[in-house]
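A.B. asks: Quick one, fold the following:
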Amino acid sequence: MDQKGKKRYAVLVGCNYPNTKNELHGCVNDVLAMKEVLLRQFGFETGHVEVLTDEPGSSVKPTGANVKAALGRMVDKAEPGDVLFFHYSGHGTRIPSVKPGHPFRHDEAIVPCDFNLITDVDFRELVNRLPKGTSFTMVSDSCHSGGLIDKEKEQIGPSSTITTLTANADVTAKPKAIPFQTVLEHLSSQTGISTSDVGTHLLELFGGDAGLKFRLPAMDLMDLLETAAREKHDAGILLSGCQADETSADVVGGGGKAYGAFSNAIEMVLKENHGALTNKQLVVMVRDVLKKLGFQQHPCLYCSDQTADAAFLLQS
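C.D. replies: Okay, the predicted model is just below:
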């Protein structure tokens, strides 16, 4: 608990997908490094920081159900004034929209280690449950992460120039993206069902643990999103590693250190600036760091006008 009585809670999730064709290398490192930043610089207590990784020997794997359960516990115990933080580092994907009236759009999702997708609607529902006066900051170091809290207002958004992922010659970079078709093929191999409807596979495999987007009837889904649009005290804050149509980089540096380009840039900026930075200042500075390092991904900020100019994690 900090000097003003706020309690600070965090859920940190790193998915490297070891020994699979989707393997990444820096995601676990990202969240372990962020844990140290939270403890050292932002007044979090060890007992209030939950870490889920898929590294060998991990007791609680970051499956879709486990990630949502951890987030749900954090939100349910929150009280007005508390500061909640979620950092995800891993693969992201885009899926055909199932929102009423948007048949040709794509929606964003993160890809837990068991491929039980967690979508923008799931994060919107979490934010809707927050008590007034509570903040929920989400850092998603994943591909297609722009817009991961549905209906959140864009503050810093898409660049006018869309570019592909490149980096400087000193590092090897891999995009943190799993194409939708790859997700579909993986799920189909598990269910044995011949359909291109991803929801059918997710419901077959995960039942009630599947995302809300796939479980809610169309009218209930519409009501959830309309409620979000009417909300005047929206506490959701999303810092995305890239735009919705871009990729984020998983990097192995010249010395063998593995990390996410976005997570690493955030940690660099926070280390160099011990005074409070606003959410908007942090994203602008992280964009500049990534540009100087040769990464052509554009972090974004989605939140209310008020929280855009609030200190990151309400640091005093």
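A.B. asks: Lowest-scoring secondary structure element of this protein by mean pLDDT?
C.D. replies: Least confident helix or strand of the chain, by mean pLDDT, DSSP states H and E, is helix 218-230 with a mean of 74.
A.B. asks: what's the next secondary structure element after it?
C.D. replies: strand 236-240 (DSSP states H and E).
A.B. asks: And Asp2, what's its pLDDT?
C.D. replies: Looking at Asp2, its pLDDT stands at 52.
A.B. asks: ok, Cys143 - contacts?
C.D. replies: His91, Gly92, Thr93, Pro175, Lys176, Ala177, Ile178, Gly241, Cys242, Glu246, Thr247, Ser248 (Cβ atoms under 8 Å, 6 or more residues apart in numbering). C-betas here are computed from N, CA, C, even on glycine.
A.B. asks: Which strands or helices does the least confident helix or strand of the chain pack on?
C.D. replies: With contacts defined as 3 or more Cβ pairs under 8 Å, 6 or more residues apart in numbering; DSSP states H and E, helix 218-230 has these neighbours: helix 120-128, helix 212-215.
A.B. asks: Which of those helices sits closest to Glu79?
C.D. replies: With Cβ to Cβ as the criterion, Glu79 lies closest to helix 120-128 of the helices and strands packed on helix 218-230, at 15.8 Å.
A.B. asks: as a whole number, average confidence for the closest one?
C.D. replies: 93.
A.B. asks: Downstream of that helix, the next helix or strand is which one?
C.D. replies: strand 135-141.
A.B. asks: which one is Ser145 nearest to, not counting chain neighbours?
C.D. replies: Sequence neighbours aside, Ser240 is the residue nearest to Ser145 in space, at 3.8 Å (criterion: Cβ to Cβ, 6 or more residues apart in numbering).
A.B. asks: what does Gln190 give?
C.D. replies: Leu205 (5.8 Å).
A.B. asks: burial count for the one you found?
C.D. replies: 17 (other Cβ atoms under 10 Å).
A.B. asks: possible to save the helices and strands packed on helix 218-230 as a markdown table with distance to Glu79?
C.D. replies: Listed next are those as a markdown table, based on distance: least, Cβ to Cβ, whole Å:
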| stretch | distance to Glu79 |
| --- | --- |
| helix 120-128 | 16 |
| helix 212-215 | 24 |
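A.B. asks: Single out the most deeply packed of those helices.
C.D. replies: helix 120-128 (a mean of 24; mean count of other Cβ atoms under 10 Å).
A.B. asks: The least confident helix or strand of the chain versus strand 236-240: what angle between them?
C.D. replies: Orientation check (axes from the mean of the first three to the mean of the last three Cα atoms, to 10 degrees): helix 218-230 against strand 236-240 gives 100 degrees.
A.B. asks: Which parts of the stretch 151-300 of the chain are strands?
C.D. replies: For the stretch 151-300 of the chain, the strands defined by DSSP state E, counting those that start in this stretch occupy 154-156, 172-175, 236-240, 249-252, 258-260, 300-302.
A.B. asks: Buried deepest among those, which one?
C.D. replies: On a mean-neighbour basis (criterion: mean count of other Cβ under 10 Å), the most buried of these is strand 236-240, at a mean of 27.
A.B. asks: re the thing from before, the residue nearest to Ser145 against Ile149, yeah?
C.D. replies: No. Taking Cβ atoms under 8 Å as the definition, Ser240 is not a contact partner of Ile149, at 9.3 Å.
A.B. asks: Would you mind grabbing the residues shared as contacts by these two?
C.D. replies: In contact with both Ser240 and Ile149: Tyr302, using Cβ under 8 Å, 6+ apart.
A.B. asks: low-scoring stretches of the stretch 1-150 of the chain, by residue?
C.D. replies: Residues of the stretch 1-150 of the chain that meet the criterion pLDDT under 70 lie in 1-5, 98-104.
A.B. asks: quick one, helices of it?
C.D. replies: 27-41, 64-76, 120-128 (DSSP state H, counting those that start in this stretch).
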